[in-house]
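Chemist: Predicted coordinates and the sequence they were generated for:
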Amino acid sequence: MKTEVYLRGENIFKEVSIASNIKARISGEYLKKWEEILNLIADIIDIPSVLIMRINENTMEVLVNNTNRENPYEAEAKEELGCGLYCETVTGKDQELAVENALENVSWKDNPDVDLDMISYFGLPIKWPSNDMFGTICVLDNETRKLSETQKELIKKFKNVIEKDMELLNSQNKLKEKEKLFQKVLNHSIEGIALLDKNFNIKSVNTKFKEIFEYNENELININIKDLIIPEYEYEDFLKYKNQVLGGKDVKTVVKRKTKNGDTRIISLNLFKVELSNKETGVYAVYNDITYKRKREKSIKEIKNRLSLAIRGANIGVWDWNIKTGEVHFNENWANMLGYSLDELENNINTWDKLVYEEDEKEIEKDLNEHLYGNSKIYKNEHRLRNKFGNFKWIRDIGKVTHRDKNGEPIRMVGVHIDIDEKKRYEEKIEYLSFHDDLTGLYNRRYFDQKMVKLKDSNKYPITLIIGDLDKLKEVNDKYGHSLGDYYIKKSAKVLKDLVRKKDTVARIGGDEFAIILTEINKDKIKKIIKRINEELNKINKKEELSVPLSISLGVETADNKNEFKEIFEKADRKMYENKNLEG
């Protein structure tokens, strides 16, 4: 079946192939599931309108809309084709469309959606397995909006989920058509078929029946079917269906039946009355073993649940945590992100626990408990995990509790891991550069000032400040050039850094000025540090025979409390200049 859509950008009409009788082929179960997907997209992307549009012969119809936000589009609303809707272009060109602001776009500024203040649009085509056009999945906003590639990828993943559902729908429709034929066909049937007399004694069976229930023909003929394959708990329903079909009403239902070995089979059962060759009443019983199908449907449903929060980027690690048992299912991307293959990881919470960077554990626990106890809608945390090679990688972890028991206790939680390592490393580099001196690698004046502010109200007393000024640096620069001056600065910085504790702070606070902050240290140790600094400088002078000896004038001041700390810098700086003048 064909229809025409108007491509606004090209100003042309284009023919599109669509499927007929679509509405009857989509059940409320699927529509409800799709609505939940749209609500999830709206929450994740923070956008008012998410729609699944269906293209009909003459109209574009809102098939499903998100219901968790103020959405101007209502389900079943229709717009005539030919007026240049966003979705007409998507279906006509069979490709995505992104419009950041229709009011700033000559082609789109007067399209019908603008009347609803929906000026931003992103949409993708949805197709039937037959390749006929179904419609679109799209998001709209009443303000300028440029979706990130990650957000677009999220919508594409949900589009794929919907198209998988449509494949299942298509398969179910075909199965229904086959069932009509199976009711009339005995030989070569792919379903188990038994011909019964009015008392439900078996007259004949086909090969598939014997295969399903594991009997040979000699064990079946003239035996009442109730005595062979009907479990005791199904007796009441069995009698009900027997009476219905003998009364002239066809039966179509799902039942449980047992095999010769006692195994349970889930059966799609069809019963219809026939006239036997001896003119007596008989019944055809058609058995379709759907045990595997039901298990598969359950598995598919679980997989879709795990993917419901798979939200950003193509390389998304998905986890599904049974909180009660500690069992966790990871997808391949989750493992690959850390350099593992899936079979190298155990499916339990300890796998994740062992990989978490110790310093991040406290913050993770806080954010996780906030969500588990219902104090936050979504769990979010950025932390480091150790990869297979022993290195740490930054991960953005996002999750949501999907099931709680009757007491509100969390049972199941599903979430994703997103690799943000490169972004974090870049941020760390920027932060490092903002707090460190380029020439020496020491902390800079900005970091020093912030550190002093923090220490003022701390419990790290006594606090000692050493101010150092490189002697005769100007003379070195003027006579021998700034390259040698820089060498003096770097040499001095290394001496100061090497002779203090790791927890102490060494900063270059001016061109030739340094500062050392020492916390919780006694005066004897401070004297030793000063002595070692001077000794190390003397060693350098003897070893390198510098034109101008390398020396640093030092001023030391200790504060035992907050009041004394107020003047610590001025006092240390004044002592440094007094020593410089003494040394001439």
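Modeler: That came in fine, so what should we check first?

Chemist: Give me the below-cutoff pLDDT ranges for this structure.
Modeler: For the chain, the stretches with pLDDT under 70 are 21-25, 175-188, 300, 303-314, 583-584.

Chemist: same thing but at 80, please
Modeler: Across the chain, the ranges flagged by pLDDT under 80 are 20-25, 171-189, 277-279, 299-315, 428, 545, 581-584.

Chemist: So it: which segments form each domain?
Modeler: Structural domains assigned to the chain are 2-177, 183-290, 309-420, 436-583, following automatic domain parsing.

Chemist: just checking, what packs against the helix or strand encompassing K157?
Modeler: Using DSSP states H and E, K157 falls within helix 149-182. Helix 149-182 sits against helix 28-45, strand 120-127, strand 133-141, strand 264-275, strand 281-289, helix 291-307, with contacts defined as 3 or more Cβ pairs under 8 Å, 6 or more residues apart in numbering; DSSP states H and E. Bear in mind the C-beta positions are built from the backbone N, C-alpha and C, glycine included.

Chemist: for the fifth one, packing partners?
Modeler: In terms of contacts (3+ Cβ pairs under 8 Å, 6+ apart), strand 281-289 is packed against helix 149-182, strand 192-197, helix 207-213, helix 235-246, strand 264-275.

Chemist: and the first one, how far from the chain's centre?
Modeler: The one in question is helix 149-182. 22 Å (Cα atoms, centre = their mean, to the nearest Å).

Chemist: Then the last one?
Modeler: Relative to its parent chain, strand 264-275 has a centroid offset of 44 Å by Cα atoms, centre = their mean.

Chemist: Of all the residues in that strand, which ones are buried?
Modeler: R265, I266, I267, S268, L269, N270, L271, F272, K273 (16 or more other Cβ atoms under 10 Å).

Chemist: Nearest to E358 among the residues you listed?
Modeler: Closest approach to E358 among the buried residues of strand 264-275 (Cβ to Cβ): I266, at 49.3 Å.

Chemist: State the distance from that closest one to K301.
Modeler: 16 Å (Cβ to Cβ, to the nearest Å).

Chemist: what's the answer for Y340, then?
Modeler: Distance, Y340 to K301, by Cβ to Cβ: 27 Å.

Chemist: Which one's more surrounded, the two?
Modeler: Y340 (17 against 11; other Cβ atoms under 10 Å).

Chemist: residue ranges of the strands in the stretch 401-550 of the chain, please?
Modeler: Secondary structure of the stretch 401-550 of the chain by DSSP state E, counting those that start in this stretch: the strands cover 410-419, 463-470, 505-508, 513-519.

Chemist: Identify all contacting residues around the last one.
Modeler: What it means is strand 513-519. The contact list for strand 513-519 (Cβ atoms under 8 Å, 6 or more residues apart in numbering) reads 442, 448, 451-452, 455, 458, 460-470, 492-493, 496, 500-501, 503-509, 526, 529, 552.

Chemist: switch to 7 Å and redo it
Modeler: Residues outside strand 513-519 that contact it (Cβ atoms under 7 Å, 6 or more residues apart in numbering): 448, 451, 460, 463-469, 492, 496, 500, 504-509, 526.

Chemist: From those, keep the buried residues only.
Modeler: Neighbour counting by 16+ other Cβ under 10 Å classes 448, 451, 463-469, 492, 496, 500, 504-509, 526 among the contacts of strand 513-519 as buried.

Chemist: Give the closest residue to G326 in space, chain neighbours not counted.
Modeler: Excluding its sequence neighbours, the residue lying closest to G326 (Cβ to Cβ, 6 or more residues apart in numbering) is I349, at 4.7 Å.

Chemist: Just confirm the one you found contacts F330, I think it does.
Modeler: No: with contact defined as Cβ atoms under 7 Å, I349 does not count as touching F330 (11.0 Å).

Chemist: Show me which of these two is the more surrounded one.
Modeler: Neighbours were counted for I349 and for F330 using other Cβ under 10 Å; F330 has more, 23 against 16.

Chemist: N65 versus the more buried one, what's the distance?
Modeler: Remark: distance between F330 and N65 (Cβ to Cβ) = 34 Å.

Chemist: just K362 next, same as before
Modeler: Using Cβ to Cβ, K362 is found at 42 Å from N65.

Chemist: same question, L239
Modeler: L239 sits 46 Å away from N65, going by Cβ to Cβ.

Chemist: do M118 as well
Modeler: Taking Cβ to Cβ, one finds M118 at 12 Å from N65.

Chemist: quick revisit: closest to S483 out of the buried residues of strand 264-275?
Modeler: Checking these one by one against S483 (Cβ to Cβ), the nearest turns out to be I266, at 84.2 Å.

Chemist: so that closest one touches T291, yeah?
Modeler: Yes: using Cβ under 7 Å, I266 is in contact with T291, at 4.6 Å.

Chemist: re earlier: tell me which of K362 and N65 has more neighbours.
Modeler: Per other Cβ under 10 Å, whichever of K362 and N65 has more neighbours is N65, with 23 against 9.

Chemist: That one: what's it in contact with?
Modeler: Neighbouring residues of N65 by Cβ under 7 Å, 6+ apart: L38, L51, N71, Y73, E74, A75.

Chemist: Then the fourth one would be within a strand, right?
Modeler: No: Y73 is assigned coil when assessed by DSSP: H, G, I helix; E, B strand; the rest coil, not a strand.

Chemist: quick one: it and V62 touch, right?
Modeler: Yes: here Y73 reaches V62: they are 5.1 Å apart, a contact under Cβ under 7 Å.

Chemist: Let me know how buried E219 is, in neighbour terms.
Modeler: E219: 13 neighbours (other Cβ under 10 Å).

Chemist: next one: the one 4 residues further on
Modeler: The number of residues packed near I223 is 14, by other Cβ under 10 Å.

Chemist: May I have the phi/psi pair for the nearest residue to it once chain neighbours are set aside?
Modeler: Nearest non-adjacent residue to I223, counting by Cβ to Cβ, 6+ apart: I202, 5.7 Å away. With angles defined as degrees, to the nearest 10, I202 sits at phi -80, psi 130.

Chemist: ok, what's across the strand from I202?
Modeler: With DSSP bridges applied, I202 shows beta-bridge pairing to L196.

Chemist: ditto for I467
Modeler: Beta bridges link I467 to A515, G555, judged by DSSP bridges.

Chemist: dump the residue contacts of it.
Modeler: I467 neighbours (Cβ under 7 Å, 6+ apart): A515, G555, A572, D573, M576.

Chemist: thinking again about what came up before, among the helices and strands packed on strand 281-289, which is the most enclosed?
Modeler: Most buried of the helices and strands packed on strand 281-289 by mean neighbour count (mean count of other Cβ atoms under 10 Å) is strand 192-197; its value is a mean of 21.

Chemist: which residue ranges form the helices in the stretch 301-450 of the chain?
Modeler: Using DSSP state H, counting those that start in this stretch, the helices of the stretch 301-450 of the chain run over 332-337, 349-355, 361-372, 421-435, 445-456.

Chemist: Format the CA atom coordinates belonging to the fourth one as PDB.
Modeler: Which is helix 421-435. Presented in PDB, the C-alpha positions along helix 421-435 are these (Å, rounded to 0.1, in the frame of the first residue of the first chain):
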ATOM      1  CA  ASP A 421      38.000   8.300  31.600                       C
ATOM      2  CA  GLU A 422      39.200  10.600  28.800                       C
ATOM      3  CA  LYS A 423      37.000  13.400  29.900                       C
ATOM      4  CA  LYS A 424      38.100  13.000  33.500                       C
ATOM      5  CA  ARG A 425      41.800  12.900  32.600                       C
ATOM      6  CA  TYR A 426      41.400  16.100  30.700                       C
ATOM      7  CA  GLU A 427      39.600  17.800  33.600                       C
ATOM      8  CA  GLU A 428      42.400  16.600  35.900                       C
ATOM      9  CA  LYS A 429      45.000  18.000  33.600                       C
ATOM     10  CA  ILE A 430      43.200  21.400  33.500                       C
ATOM     11  CA  GLU A 431      42.900  21.300  37.300                       C
ATOM     12  CA  TYR A 432      46.600  20.400  37.600                       C
ATOM     13  CA  LEU A 433      47.600  23.300  35.400                       C
ATOM     14  CA  SER A 434      45.400  25.700  37.300                       C
ATOM     15  CA  PHE A 435      47.200  24.900  40.600                       C
END
